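Peer 1: Next come a sequence and a model predicted from it.
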Amino acid sequence: MRLTTHLRRSVLALTAAAALALAGCASNPDAADPGSSDPAPSSSATQAPGTCSYPQDGRPASKAVDAPAGEPTETGEVPVTITTGVGELKTTLDASKTPCTVNSFLSLAEQGYFDGTTCHRLTTDGIFVLQCGDPSAKGTGGPGYSFADELDGSETYEAGTLAMANAGPDTNGSQFFIVYADSQLPPSYTVFGHLDETSTAIVADVASAGTENGGPDGAPKTPVMIESVTKG
């Protein structure tokens with residue numbers, strides 16, 4: 001998905017290709033043109049305190065999945081292991097600060113939504129992220145529902161950050177990104193967890209090999225296949 005106009009203005013310090021790496025769930029698979037933007041899905045996913053809302057976003061799910069329950073069950077820190085073909089990524093999710101995001105992520109994980117999916121985009125200039133969570137591996141896929149941002153304006157994106165990709169306010173789905181080196185981004189992406197130092201180094205090693213196309217933005221040259229996402 002292309003970035004919305006207001007977001008493009010917020011990231012003038014980034015290259016257009018790098019900024020595009022954080023878009024998720026496009027209705028148009030051609031995300032190469034930064035000069036225009038697709039209409040964002042409805043932002044009706046706002047939710048009342050203590051509850052979560054996961055309305056359908058008008059697009060078919062890339063992989064059959066049920067929307068999460070509206071009441072999160074996890075609190076505090078939740079250890080999660082993202083098992084990939086390049087190693088285990090040990091992650092701690094923050095269910096207290098981002099309960100609805102963690103609730104969705106764990107629901108998708110428990111349903112096997114991420115299993116067998118490929119991290120489809122790597123950026124190596126301007127921002128430093130590996131983007132995953134799209135079964136279509138095209139940067140256009142999602143779970144068929146959306147949910148609201150969980151932001152307080154203090155978000156930073158240092159190495160090891162785990163955050164949601166989006167297509168504008170309150171358009172979160174299944175795509176997420178891992179920051180492997182400190183990156184300057186506006187506080188527009190929900191930060192819902194962090195990787196430990198060893199796991200961050202694994203992603204940085206993938207990034208050191210560059211992209212398949214040799215440019216600063218594209219599929220990683222070293223494939224990253226998610227085998228499973230499990231608690232613990």
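Peer 2: Okay, I see it.

Peer 1: Nearest residue to Gly112 in space, please, no chain neighbours.
Peer 2: Closest residue in space to Gly112, ignoring its immediate chain neighbours: Ser228 at 7.8 Å, by C-beta to C-beta, 6 or more residues apart in numbering. Quick note: C-beta positions are derived from backbone N, CA and C, even for glycine.

Peer 1: What residues are bridge-paired with the one you found?
Peer 2: Note on Ser228: beta-bridge partners Thr83, judged by DSSP bridges.

Peer 1: Now do the contacts for the residue nearest the centre of the chain.
Peer 2: When C-alpha atoms, centre = their mean is applied to the chain, the residue found nearest the centroid is Phe176 (1.1 Å). By C-beta atoms under 8 Å, 6 or more residues apart in numbering, the residues touching Phe176 are 105, 131-133, 162-165, 192.

Peer 1: Could you find the closest non-adjacent residue to Val80?
Peer 2: Using C-beta to C-beta, 6+ apart and skipping residues adjacent in sequence, the residue nearest Val80 is Thr91, 4.7 Å away.

Peer 1: picking up where we left off before, any chance of CSV for the contacts of Phe176, columns neighbour count, secondary structure and distance to Pro220?
Peer 2: Formatted as CSV, those follow (neighbours: other C-beta atoms under 10 Å; DSSP: H, G, I helix; E, B strand; the rest coil; distance: C-beta to C-beta, whole Å):
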residue, neighbour count, secondary structure, distance to Pro220
Phe105, 29, helix, 21
Gln131, 22, strand, 10
Cys132, 26, strand, 10
Gly133, 26, coil, 14
Leu162, 26, strand, 17
Ala163, 25, strand, 18
Met164, 27, strand, 20
Ala165, 27, coil, 16
Phe192, 27, strand, 22
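
Peer 1: now those residues as TSV including distance to Thr83 and pLDDT?
Peer 2: Below are those laid out as TSV (distance: C-beta to C-beta, whole Å; pLDDT from 0 to 100):
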residue	distance to Thr83	pLDDT
Phe105	15	98
Gln131	18	98
Cys132	13	98
Gly133	15	98
Leu162	15	98
Ala163	20	98
Met164	21	98
Ala165	21	98
Phe192	19	98
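
Peer 1: which one of those residues is nearest Lys97?
Peer 2: Distance to Lys97 across the contacts of Phe176 (C-beta to C-beta) is lowest for Phe192, with 7.7 Å.

Peer 1: what residue ranges in this protein score low on pLDDT?
Peer 2: For the chain, the stretches with pLDDT under 70 are 1-21, 23-49.

Peer 1: how deep is Tyr180 tucked in, by neighbour count?
Peer 2: Neighbours of Tyr180 under the rule other C-beta atoms under 10 Å: 26.

Peer 1: so what's it up against?
Peer 2: 128-130, 159-160, 200, 203-204, 206-207.

Peer 1: Narrow those residues to those in strands?
Peer 2: Judged by DSSP state E, the contacts of Tyr180 include 128-130 as members of strands.

Peer 1: Mind putting these into a markdown table with neighbour count and distance to Ala109?
Peer 2: Below are the ones in strands among the contacts of Tyr180 laid out as a markdown table (neighbours: other C-beta atoms under 10 Å; distance: C-beta to C-beta, whole Å):
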| residue | neighbour count | distance to Ala109 |
| --- | --- | --- |
| Phe128 | 22 | 25 |
| Val129 | 28 | 20 |
| Leu130 | 23 | 18 |
